[in-house]
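Participant: coordinates for the following, if possible.
(one chain, ligands or ions: 1)
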Amino acid sequence: MEAGSRDKRVKWIVICAAALILAVVLFLCLQGDKVTVPEYVFTYAENQTPDYPTTLGGQRFAQLVEERTQGRIRIQVQSQGVLGSETEVIKQMQYGGIDFARVSIAQMSDFIPEMNVLQLPYLYEDSAHMWRVLDGEIGERFLGYPQEYGLVGLSWYDAGARNLYCSTSPIRTLEDMQGLRIRVQEAEMMSQMMNALGAVAVQIPYDQVYAALERRQVDGAENNWSSYETMQHYEVAGYYTVDEHIRIPEMQICAQHTWELLSDKDREIILECARESALYERELWTAHEMEARENALRNQVQEIYLSAEEKEKFQAAMEPIYQQYYEEFGKDIEEIFSQGKKGRE
Ligand code: GCU
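Facilitator: Take a look at the predicted model:
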């Protein structure tokens, strides 16, 4: 072969190889830049602050769903109650205005009566008892009840135990409760519980509690350490009585309207991500609750413990509430009791 034509061939081979490399690089770049346009963009309502365990759980849920649907489903977590109070959010979800939320089951209990069973005062001996119940058959069955009301229960979140707090004086005895105006959640059972203790229950949405305490519209309120500290209620109600009168589980829910848009495969992904996020939230909860308590105590909060004798009196005062629910839900209540340590002995 002549030297000239060999040079030409080499030149062509080099040009072709360069063009091929360029094409591959270009293809890879375009792939990398490709933005997946989501098929669905959903809203998720949360009434806590952005760094609160339940909000972080919601964020984890959204992230997992986006990853596992390759960006087809995007969930935007709106915290700090910007989409409304929990009661308003639930109503909007029933009409299809909001897609997902994390709510306290207290807010569902007025129209889903079964929810009252899981939030009876002094029902669980401790956190482990509550989780045995929620992780078992009862928990699974109760996640199904909202379906009749246009909502799909996805998973259980932790909210610890709730305690009493007061701005005027420490609560040490049942006697101290008499006539106190105490804020409760917007739920019939919460009012019944407070009235049964001799106080006057005042239903106020969560985001208005600080102002109500500051203006002395109420003398006190009740909540877990995390909410008490995060919402800075300790600034206006410095006497915190650890009576653990109630554990109210929280639920991640999806609007039935939204659920119906999804394929079976996507529903499966959503359920699996909700449950994974719930485990994450539970982990965060324990640490957050402890830090919240420490921070409140650093801010001159007086922590009070009920004596065993007084605690018994508080518990005994709940008898009429149990009687009311026993008739209809006696079997479930017995089953829950049997899963406690005492019941299993
Ligand atoms: C807890 C719960 C909230 C609820 C609040 C309340 O903080 O996590 O979802 O709104 O109690 O007392 O209203």
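Participant: so which residues of the stretch 51-200 of the chain form helices?
Facilitator: 53-68, 86-94, 115-118, 127-134, 137-144, 174-177, 188-196 (DSSP state H, counting those that start in this stretch).
Participant: most tightly surrounded among the ones you listed?
Facilitator: Among the helices of the stretch 51-200 of the chain, helix 115-118 has the highest mean neighbour count (mean count of other CB atoms under 10 Å), at a mean of 24. C-beta coordinates here come from the backbone N, C-alpha and C atoms, glycine included.
Participant: and I304, which of the three is it?
Facilitator: Assigned state for I304: strand (three-state reduction, DSSP: H, G, I helix; E, B strand; the rest coil).
Participant: what's the burial count for T49?
Facilitator: 14 (other CB atoms under 10 Å).
Participant: what helix or strand does it sit in?
Facilitator: According to DSSP states H and E, T49 maps onto no helix or strand at all.
Participant: go ahead and confirm it touches V82.
Facilitator: No - under the criterion of CB atoms under 8 Å, T49 makes no contact with V82, lying 11.5 Å away.
Participant: show me what contacts K341?
Facilitator: The neighbours of K341, taking CB atoms under 8 Å, 6 or more residues apart in numbering as the test, are 125, 129.
Participant: how far away is it from the ligand?
Facilitator: With distances taken as CB to the nearest ligand atom, to the nearest Å, K341 is found 26 Å from the ligand.
Participant: do R72 as well
Facilitator: 30 Å.
Participant: look at the closest residue to that residue other than its chain neighbours and say how many residues are nearby.
Facilitator: Computed as CB to CB, 6 or more residues apart in numbering, the closest residue to R72 that is not its neighbour in sequence is E39, at 4.5 Å. E39 has 12 neighbouring residues, counting by other CB under 10 Å.
Participant: ok, now the one 4 residues further on?
Facilitator: Summarising burial for T43: neighbours were counted as other CB under 10 Å, giving 19.
Participant: identify all contacting residues around stretch 304-321.
Facilitator: 120-122, 170-174, 189, 192-193, 196-198, 239-243, 245.
Participant: show me what from the chain comes close to the ligand.
Facilitator: 47, 86, 104, 159, 185, 206, 223, 227, 250 (CB under 6 Å from any ligand atom).
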